[in-house]
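Novice: I'll drop the sequence and a predicted model, then ask my questions.
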Amino acid sequence: MSVRMRDADPALETLLLPLAEGRLDWPAGGVLFLRARDGWPLHAAPRPGLVAEQSFRPDAQALEASGIELVGPGDARRYPLVMLLPPRQRDESRALMARALASLAPGGRVLACVPNSEGARSAEQDLAAIAGPVETISKNKCRVFWTAPLTAAADPALAARWQALDDVRTIDDPRFASRPGVFAWDRIDPASRLLAEHLPDDLGGVAADLGAGFGYLSVELLERCPGVASLHLYEAESRALELARQNLAPFAQRAALEFRWHDVTTGLPQAYDVIVTNPPFHTQSRADRPDIGRRFIAVAAQALRPGGRLWLVANRHLPYESVLDASFGEVRTVAQRDGFKVIEAVKAIPARPERAPRPFDRTAARNAHR
């Protein structure tokens, strides 16, 4: 078994602290880890029966590479311990806590950890509201908290309401269904809207949407550009990709569609005529990572055919110009508004090599004059 070493992960280390200190025992009946991440604390002691659920592709791949079994949200087994790293978005976090309770075997416990900077105290209060009193340890600028052995939720009605918070619902633009936790889940992102407004109608051929989210840019591309015959949506968050499938269903006869659960930073498997993207520039913990956006641009440049066109939107302050200038033959800023910039970049067409002159053939020249 190979273990991928991640950067320091205080939340993961703190989550396992009650087990490391003997306050809780690792149960024999298996453990479910929701929103799991890999890291050395998971491998510091034997973890028999551990299974993990993770919808974010890079983290899922890391877990698989370290030998941990992955399960999907349809897993119906019940576990004596459910661990979780609740996300920042509160509705999504509450729904995940309610599902953790629903996944417990009789007498099971829920164990959770949240960094202080991401609402640890509020998350602890939320778990207590549906599960009853919890025990707590604060360390590593995080808070880990766990329930008593449970036979049922302390407030079953509230737990049921919270579990429904993750339901798919239509947003203000009725073309789109969404759910808490995905990017700009309850609205049309203003940067993506600005890009859509400036997409020219002459884009065509085989296209890709990198970081497609719930599919807004893909829908706009197909509605505005009749020449797009095939469209591939790349998205690392499977919860968003499921929504994109639903939102793009009306276009199934309009173009050949493919939905790919994929980490764009690892590269793309084929060539494209057009790429559109509103690339991420932060991690799931909201830390700024402009290198991710730069990598999206470099990957797009590698995947575009000569003469292919990248349409990109980004925050105006992000330093993307150097990688754009290094990767494309032509770069222009199309629009700027509300702190965003829309850029078109065209991949250079290699110049045809000049033919070397033929050596002078004296015999052929004499024969030509006879």
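Specialist: Cool, the structure landed.

Novice: Which parts of the protein are helices?
Specialist: Using DSSP state H, the helices of the chain run over residues 10-15, 17-20, 57-65, 90-102, 120-131, 156-163, 190-197, 216-224, 238-248, 290-303, 321-327, 362-368.

Novice: helices or strands up against the shortest one?
Specialist: Packed against helix 17-20 by the contact rule (3 or more CB pairs under 8 Å, 6 or more residues apart in numbering; DSSP states H and E) you find strand 134-139, strand 142-147. Any C-beta I mention is one placed from the backbone N, CA and C, and that applies to glycine too.

Novice: Show me what the last one is packed up against.
Specialist: If I follow you right, that is strand 142-147. In terms of contacts (3+ CB pairs under 8 Å, 6+ apart), strand 142-147 is packed against helix 10-15, helix 17-20, strand 104-115, helix 120-131, strand 134-139.

Novice: Deepest in the core, which of the helices and strands packed on helix 17-20 is it.
Specialist: Per residue and on average, the most neighbours among those fall to strand 142-147, with a mean of 24 (mean count of other CB atoms under 10 Å).

Novice: Other residues contacting that strand?
Specialist: Where contact means CB atoms under 8 Å, 6 or more residues apart in numbering, the residues beyond strand 142-147 that reach it are 10-11, 14-15, 17-18, 24, 109-116, 120-121, 123-124, 127-128, 131-137.

Novice: still on that earlier bit, looking at the helices of the chain, which one has the lowest mean pLDDT?
Specialist: Within the helices of the chain, the least confident segment by mean pLDDT turns out to be helix 362-368, at a mean of 53.

Novice: circling back to that earlier point, quick one: which of the helices and strands packed on strand 142-147 is nearest T151?
Specialist: Proximity to T151, assessed across those by CB to CB, is greatest for strand 104-115 (5.3 Å).

Novice: by contact count, what packs against the closest one?
Specialist: Using 3+ CB pairs under 8 Å, 6+ apart as the contact criterion, the elements in contact with strand 104-115 are helix 10-15, strand 79-84, helix 90-102, helix 120-131, strand 142-147.

Novice: Export only the CA atoms of it, formatted as CSV.
Specialist: Extracted in CSV, the C-alpha atoms of strand 104-115 (Å, rounded to 0.1, in the frame of the first residue of the first chain):
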residue,chain,number,x,y,z
LEU,A,104,-25.1,5.0,12.4
ALA,A,105,-25.7,1.5,13.7
PRO,A,106,-27.5,1.3,17.0
GLY,A,107,-25.2,2.6,19.7
GLY,A,108,-22.9,4.3,17.2
ARG,A,109,-21.2,7.7,17.4
VAL,A,110,-20.5,10.6,15.1
LEU,A,111,-17.0,12.2,15.2
ALA,A,112,-16.4,15.5,13.5
CYS,A,113,-13.7,18.2,13.2
VAL,A,114,-13.7,21.8,11.9
PRO,A,115,-11.0,24.4,11.9
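
Novice: Give me the mean pLDDT for that strand.
Specialist: For strand 104-115, the mean per-residue pLDDT is 97.

Novice: ditto for stretch 273-281
Specialist: For stretch 273-281, the mean confidence score works out to 94.

Novice: Quick check: end-to-end length of it?
Specialist: When the termini of stretch 273-281 are compared using CA to CA, to the nearest Å, they are 24 Å apart.

Novice: begin at 18 from here
Specialist: Yep, numbering from 18; the last one is stretch 290-298 now.

Novice: buried set for that stretch?
Specialist: Of the residues in stretch 290-298, 290-298 count as buried by neighbour count, 16 or more other CB atoms under 10 Å.

Novice: Of those residues, which is the nearest to F193?
Specialist: Scanning the buried residues of stretch 290-298 for proximity to F193, where the rule is CB to CB, the winner is N295, at 14.9 Å.

Novice: The closest one is in contact with D226, isn't it?
Specialist: No: under the criterion of CB atoms under 8 Å, N295 lies out of contact with D226, with a separation of 9.1 Å.

Novice: Pull up the overlap in contacts between these two.
Specialist: Counting by CB under 8 Å, 6+ apart, the common neighbours of N295 and D226 are L234.

Novice: rewinding a little: switch the helices of the chain over to CSV; also include distance to A365 and mean neighbour count.
Specialist: Compiled in CSV, those are given as follows (distance: least, CB to CB, whole Å; neighbours: other CB atoms under 10 Å):
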stretch, distance to A365, mean neighbour count
helix 27-32, 44, 22
helix 34-37, 54, 18
helix 74-82, 31, 18
helix 107-119, 43, 22
helix 137-148, 50, 19
helix 173-180, 53, 16
helix 207-214, 23, 20
helix 233-241, 23, 22
helix 255-265, 31, 20
helix 307-320, 10, 20
helix 338-344, 9, 15
helix 379-385, 39, 8
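
Novice: for the ones you listed, which one sits closest to N332?
Specialist: Using CB to CB as the criterion, the shortest distance between N332 and the helices of the chain is 7.3 Å, found for helix 207-214.

Novice: now the angle between helix 233-241 and that closest one, please.
Specialist: Here the directions of helix 207-214 and helix 233-241 differ by 20 degrees (axes from the mean of the first three to the mean of the last three CA atoms, to 10 degrees).
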